[in-house]
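**Student:** Here is my input; please provide its structure:
(chains A, B, C and D)
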There are 4 protein chains.
Amino acid sequence: MHFFSDNVTPIAPAVMAAIAAADMSDHGYDADRWSARLDAAFTDLFETPVSALWVATGTAANCIALTTLCPPYGGILCHEESHIMTDEAGAPGFFTHGASLMAMPGDGAKLTPDAITARLKAIRPDVHQVPARAISITNATEYGLVYTPDEVAALGDIARTHGLGFHMDGARFANAVAHLGCAPADVTWRAGIDALSFGCVKNGGMVGEALLFFGDQAPARAAEAKRWRKRSGHLFSKGRYLAAQILAMIEGDLWLANARSANAAAQALADGAAGRLMQAVQANELFVRLTAADAASLRAQGFDFYDWGEGAARLVTNWSQDAASVAPLAAALRALPHG
Amino acid sequence: MHFFSDNVTPIAPAVMAAIAAADMSDHGYDADRWSARLDAAFTDLFETPVSALWVATGTAANCIALTTLCPPYGGILCHEESHIMTDEAGAPGFFTHGASLMAMPGDGAKLTPDAITARLKAIRPDVHQVPARAISITNATEYGLVYTPDEVAALGDIARTHGLGFHMDGARFANAVAHLGCAPADVTWRAGIDALSFGCVKNGGMVGEALLFFGDQAPARAAEAKRWRKRSGHLFSKGRYLAAQILAMIEGDLWLANARSANAAAQALADGAAGRLMQAVQANELFVRLTAADAASLRAQGFDFYDWGEGAARLVTNWSQDAASVAPLAAALRALPHG
Amino acid sequence: MHFFSDNVTPIAPAVMAAIAAADMSDHGYDADRWSARLDAAFTDLFETPVSALWVATGTAANCIALTTLCPPYGGILCHEESHIMTDEAGAPGFFTHGASLMAMPGDGAKLTPDAITARLKAIRPDVHQVPARAISITNATEYGLVYTPDEVAALGDIARTHGLGFHMDGARFANAVAHLGCAPADVTWRAGIDALSFGCVKNGGMVGEALLFFGDQAPARAAEAKRWRKRSGHLFSKGRYLAAQILAMIEGDLWLANARSANAAAQALADGAAGRLMQAVQANELFVRLTAADAASLRAQGFDFYDWGEGAARLVTNWSQDAASVAPLAAALRALPHG
Amino acid sequence: MHFFSDNVTPIAPAVMAAIAAADMSDHGYDADRWSARLDAAFTDLFETPVSALWVATGTAANCIALTTLCPPYGGILCHEESHIMTDEAGAPGFFTHGASLMAMPGDGAKLTPDAITARLKAIRPDVHQVPARAISITNATEYGLVYTPDEVAALGDIARTHGLGFHMDGARFANAVAHLGCAPADVTWRAGIDALSFGCVKNGGMVGEALLFFGDQAPARAAEAKRWRKRSGHLFSKGRYLAAQILAMIEGDLWLANARSANAAAQALADGAAGRLMQAVQANELFVRLTAADAASLRAQGFDFYDWGEGAARLVTNWSQDAASVAPLAAALRALPHG
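**Tutor:** Next up, the predicted model:
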């Protein structure tokens, strides 16, 4: 059993069924009836008018969002360990035509109001310096922590005050909401979020993520995003297959059910790894102190995962697991000798 | 029955089966065993070492190819009605960071050696003008015509002489090869092609096209293309589903069988439309003179298609059709009153 | 005596004096007192509030203007022989991040309302095609013709109707106005121009052109242009020397006096070349039919110039000449054997 | 007397004379005889073949250099307080089409081999991360410190080992060499530098800096740089005026004489500010601890300068000063009450 990443999971059966059911259409690109339903489906889910579009990947969702929020001469405040900063090969620079990522530290890959405020204050308002134009946060974060609605709103206040766009990378948004138990609206537009990358692939999809825009500017931004989507080669001619997957996720509660299952698996592992946790376990990722001997022992028992530097490992659970199915690893963790 | 485009067809059963069979992997992105097989499978098909990668769409395949062949300050010789020129929303400018499309006329959307030679001669070799650095052709063309190996080779000679990269947009490459009856090699690398966008989606795939590099520089170009793929948000985390589709196409002869079927359907329609054809029918597209009354009559009989300016229509057949299945439209065309 | 181009002329004495007089300042970039005077000086000249900034070259002026008028996914309607199309090495693609130049034919390098209207009509309003977002014209044109206020206004009407930005490349704006005898306002903002590249270097400056914005959006566009100016490496630390040159040109009537002198020289040559002119002579450029023998004869007499294809030549006069000083060439032209 | 920056100084008389002497040419752009002499003049100065070109500004020199050394998908290792990082408005992102600036800390704005090595080690060699492709250092640094030949060579070794381009921002290169007393070659190409931004404007020029390439790839990189120079609007039509300024600087020893004068002025101030210095004074910048009262006192005596955060100030001397001319400020500093 492996815990490398939730991004190599199988496709959820309902998603696969939706793909099969979308197999005939007279209309290409996003003119099909599945794509046409996206706005309404997300509007229901988020209790506010939403402009939604499918894109190929989370990187594309993040970067197209940022392109609508930040001009080439602007900067994007983000965490120094955020996915856009460390794992997208400079894609934000490509899509935004060279906007600057303004990286900041913060525990658990979370940005704080104080850090952002200090950074904004340090930027001279002349043309020699890059002006901040957007904030991007990840929820759940790259360390599996979850921003609460209040925490997001505190950043949203800064964004509004300073005229900054506010983007949330929600590759694991479902896991965040499953942890919070709040309405999706509470942790997004009600807290000031303008654009959300709504992840599906890690949560049981095959290909395709949703990019959502909220607020008065949503239609204009979505219209521009559609230009960027085509321009970046992401306008699939058979887009219905992407739309159908997303609808299968969100028209029922599959997205939440899947995330709850992954989160429960993570909690089961967290119980097994008590005393070894480097971060609170709130979503579906664990960062665990493991000696080389510990890691070797677990691997010998058939569990695999990525090392996380020296003396530590990252374990990621996914929608196809639950507390029961990961019980063997939980037991194995518990059985490791105490450090 | 509609003949709008081959880009809204259903998924070929063997492709759908391949997707289902790829539903478990320990490895994300292109580290899975399907993606790992692409180079070898295309090497077999093309009888030369090939570096292959999957990308989301034909636009992405074309543009990533061009990015490896042309610097931002260079120009790409292409037809004024080529897909990259007219239907990719400026994506070549996006991917190449502003390289110039140097558009030229030519019958049936085909470039000729004379036209290219004249254009090259007109460019001053100083820094004030954009130097040509690549040629891009489409085979089969946007008008359903097919470049022969000799025709490609004549352009390939120019490319070699002038140090130009040579790209083929093969959105309907299968239809071209099915028409020619030659080896895929004959009309590509043996004729000087450096990079080929090998179309799958129009030919029965769901999502994903292949981008192929030939020749000594293939590994270096493919390595660079992989940077661009990630950088443009096209590195799917579950890339195995794209690789599996492509393999299902080419490890047997599905790609050719499907194209032959579509081509046969087009020939059946061409017979029905004798006297009305605006272009030779070689692949799976027909451009047909139709009065408004003709068109209305056909639509009243349940056939639909796009108008092509005044007094004409475009009919596109696809892999899921054959001569028999389109016989009703062939008959209806034949039954139209003579103009 | 040579007639290659007005871009290699010496510096007008008043301009050189202005440089020398600007040799001390406490303030760098554009915070000096000369730069601070630009807006007011151009506001006087154009009888409307103008936001002005100096830039290094005409290419920079044109491209920064276009960047403020056209998004990366848009297109710029221009003449196929315009400077931005043929002689700026793709700089518009660089500055605009890949916007498309939409080139059109037209006599004497002039755009016509009919040509533009037809082109706009041919663009499908879907995301697959590049939407036109700006028009750029050159006045005087690359063939030395001058758009009248009415001609500009006819294009301005189209721009306003279709929501297009409207730019004028005025590398030889002074020559155009000297020919027209109108107010500068008449042929610019009153006719719908949003941004003007106001040429100085060809007219007696050393380095530095002015970029002017008109209308309600002028301050916002100029603010953005200042970002682009810095971002493209054009914010000189000793910008006062550029501002001083421009002010020397326009605070008196030097710009017009110089242009009148160059135009008069061109008229003198036109008289000498009667029967050989390929274009009307309105500004300071002549396109003259000359056999190889004619050209050789003139060169043997000490006159030099560029050939213009086969059997023709381009003659450019400049501010440092007048009818008297070019009389020898006028006589030599007159003395050529009749063709 | 002000000490804001050396970038607002007057023009050195010999430079002004050179401008006046360049006032007639038959050839535009860089086809004049002054521009033609640049390669040879710098080849003499650096004792190795040099490919040289003039550009408008230091930002342009830095960014065009980086564009030839780093692809859009690469990264540039630099100091977090380097000019390219903090004061060029994101121009490196613009010119390189989105390459990443990889900022690092270091005393006095100097990079160390250990910091670079650690950073390189932390980059995973997969396509998800941006690969480092270049190092850029500033000499003298933004804090007025000078890298010795050995220090540069230590970084050059890393660059060579890892296949990284190596750029030096020499806005104050003359001040660095004046301090070191070494050959210009010792601290540049002999230490592994591939491209040098050779500053002139701060050292007595009006407009125009030199961009120099060293080594086997110099001609190819310079040829590409000339494309970028035109493409970014920096190819002045009267480039002779820039070339003449640069030649006036370097064909004699004006560049060194001017720098020595500025450095001597700085040493005189350093003596006056003994006990208050925050950095060693090696070139022509001083960072001095000053209370608000100290600063007010100096300003009341007619000296002006920029504050440097709380309780500190930056003083910059320039070529038009020397120890004698700044003696009043040195005395005023000495006379301040002890802190």
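**Student:** Which residues of chain A lie near chain D?
**Tutor:** Within chain A, the positions near chain D by CB under 8 Å from any CB of the partner chain are A:72-73, A:75, A:86-90, A:93-94, A:96-101, A:127-130. All C-beta spots, glycine's among them, are computed from the backbone N, C-alpha and C.
**Student:** which of the residues you listed count as buried?
**Tutor:** Neighbour-count burial (16 or more other CB atoms under 10 Å in any protein chain shown) applied to these gives A:72-73, A:75, A:86-90, A:93-94, A:96-101, A:127, A:129-130.
**Student:** which element is A:Arg314 on?
**Tutor:** If you go by DSSP states H and E, A:Arg314 is part of strand A:312-316.
**Student:** Show me what that strand packs onto, helices and strands only.
**Tutor:** Using 3 or more CB pairs under 8 Å, 6 or more residues apart in numbering or on different chains; DSSP states H and E as the contact test, the elements touching strand A:312-316 are strand A:285-289, strand A:306-307.
**Student:** contacting residues around the residue nearest to A:Tyr73 when sequence neighbours are not counted?
**Tutor:** Spatially, and ignoring its direct neighbours in sequence, A:Tyr73 is nearest to C:Arg227 (4.4 Å; CB to CB, 6 or more residues apart in numbering or on different chains). The contact partners of C:Arg227, by CB atoms under 8 Å, 6 or more residues apart in numbering or on different chains, come to A:71, A:73, A:127, D:89.
**Student:** from those residues, which two are the most distant?
**Tutor:** Checked with CB to CB, the contacts of C:Arg227 reach their widest spread between A:Pro71 and A:Val127, with 13.1 Å between them.
**Student:** thinking again about what came up before, sort out which of the buried ones among the residues of chain A next to chain D are in helices and list them.
**Tutor:** A:86, A:93-94 (DSSP state H).
**Student:** tell me the mean pLDDT for stretch A:295-308?
**Tutor:** Across stretch A:295-308, the average pLDDT comes to 95.
**Student:** What lies in contact with it?
**Tutor:** Contacts of stretch A:295-308 (CB under 8 Å, 6+ apart): A:1-5, A:287, A:290, A:313-316, A:328-329, A:332-333, A:336, B:26.
**Student:** That stretch spans what distance, first to last residue?
**Tutor:** 11 Å (CA to CA, to the nearest Å).
**Student:** now do stretch A:234-243
**Tutor:** 13 Å.
**Student:** got it, and stretch A:317-324?
**Tutor:** 12 Å.
**Student:** Stretch A:313-320: how far from the chain's middle?
**Tutor:** 15 Å (CA atoms, centre = their mean, to the nearest Å).
**Student:** What residues of it count as buried?
**Tutor:** Buried residues in stretch A:313-320 (16+ other CB under 10 Å): A:313-320.
**Student:** interface residues of the stretch 1-150 of chain A facing chain C?
**Tutor:** Residues of the stretch 1-150 of chain A lying near chain C (CB under 8 Å from any CB): A:71-73, A:97, A:127-128.
**Student:** For chain B, what's its nearest residue on the stretch 51-200 of chain A.
**Tutor:** Nearest residue of the stretch 51-200 of chain A to chain B (CB to the nearest CB) works out as A:Ala60 at 3.1 Å.
**Student:** Contact partners for that residue?
**Tutor:** A:91, A:209, A:211, A:229, A:232, A:234, B:232-234.
**Student:** tell me the mean pLDDT for stretch A:39-56?
**Tutor:** Mean predicted confidence for stretch A:39-56 is 98.
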